[in-house]
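[1] Okay, predicted coordinates and the sequence, questions at the end:
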Amino acid sequence: MTEKNVASAVAYYKAMADKDLTGMARHLHPDVRLVTPMEELTGKEAVLEAAKRLLPLINSIKVHAKFGSEDQAMLTYDMDFPAPIGVCRAAALMTFKDGLIMRNEIFFDARPFNKQ
């Protein structure tokens, strides 16, 4: 199950990089919880609505490392935004239930985003 979860985590972020909401939705549990330094959301629709606002701002996403353990996967990645933000280095700890992302906790420095 670990390899499948890691593959699903990578596929989720690839769909995000491709600006593919439908592809992202395929990996989300209906009761998914998103936890970031800037907000906390619960439910697939709320997460996808937030993604709709974020996707137009993303230039690219590059995954650097990935690993999993039991029902979790961890990714480190760079998310590139237009200036003045630039590259945001981040990590995502994803917990899976029934093969779907149940919780996605994202770690990044939110200071560049708070200046907007």
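    Looks like it arrived, so ask away. Numbers count the residues shown, from 1 in each chain.
[2] For stretch 63-72, buried residues please.
    The neighbour-count criterion (16 or more other C-beta atoms under 10 Å) identifies Lys66, Gly68, Asp71, Gln72 as the buried residues of stretch 63-72. Placement of C-beta: from N, CA and C, glycine included.
[3] Each with direction, which strands does the helix or strand where Met94 lies pair with?
    Secondary-structure assignment from DSSP states H and E places Met94 in strand 87-97. In its sheet, strand 87-97 lies beside strand 72-80 (antiparallel), strand 100-108 (antiparallel), with partners assigned from DSSP bridges.
[4] List the contacts of stretch 46-54.
    Residues outside stretch 46-54 that contact it (C-beta atoms under 8 Å, 6 or more residues apart in numbering) are Met16, Leu21, Met24, Ala25, Leu28, Val32, Leu34, Glu39, Leu41, Asn104.
[5] what pLDDT, on average, does it get?
    pLDDT averaged over stretch 46-54 equals 97, rounded to a whole number.
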